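> Just the structure for this:
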Amino acid sequence: MFGIPGKQAVSMTPNAAQKIAALMEKDGHQGLRIGVKKGGCAGMEYTMDYVNEVDPHDEVVEQDGARVMIAPMAQMFLFGTEIDYQTSLLESGFVFNNPNVSEACGCGESIKFDEALFEKK
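I've put the predicted structure just below:
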């Protein structure tokens, strides 16, 4: 596990926890797996997938009935991130308030991380 012992990699706002818990209950999933992948105009994108089986290598974060799994390769990129769920007049969705992001594209769909993260082992 990457990070500080005893501190979870990510946190969820009450809105995010409520939405994730509702998705888990509605579809019978074990939770959501969050990761990052190469792509988008800024270089990286967040991924979210339903999970039916917990991978023993994932970091599991549970809060208020919601369960999020952090893929091993994403843990260093997501450490300290707050997951929110926001609803506006035009759209609704998950928002990642990530202190490790150095740039984001104009559409908000892709991100770039501080190069120092790639040097950590």
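> most residues in a single helix of this structure, which one?
In the chain, assigned by DSSP state H, the helix with the most residues is helix 14-27.
> quick check: mean pLDDT across it?
On average, the pLDDT along helix 14-27 is 92.
> Which neighbouring elements make contact with it?
In terms of contacts (3 or more CB pairs under 8 Å, 6 or more residues apart in numbering; DSSP states H and E), helix 14-27 is packed against strand 31-38, strand 66-70, strand 81-87. The way it works is simple: take the backbone N, C-alpha and C, and place the C-beta from them, glycine included.
> What is the subsequent helix or strand relative to the second one?
Read that as strand 66-70. Counting by DSSP states H and E, the element after strand 66-70 in chain order, helix or strand, is helix 75-78.
> Show me what that following helix is packed up against.
Checked by 3+ CB pairs under 8 Å, 6+ apart, helix 75-78 has strand 31-38 packed alongside it.
> Show me what the strand it packs on pairs with in its sheet, parallel or antiparallel.
strand 44-51 (antiparallel), strand 66-70 (parallel) (DSSP bridges).
> now that strand against helix 14-27, angle please.
Interaxial angle, strand 31-38 versus helix 14-27 (axes from the mean of the first three to the mean of the last three CA atoms, to 10 degrees): 110 degrees.
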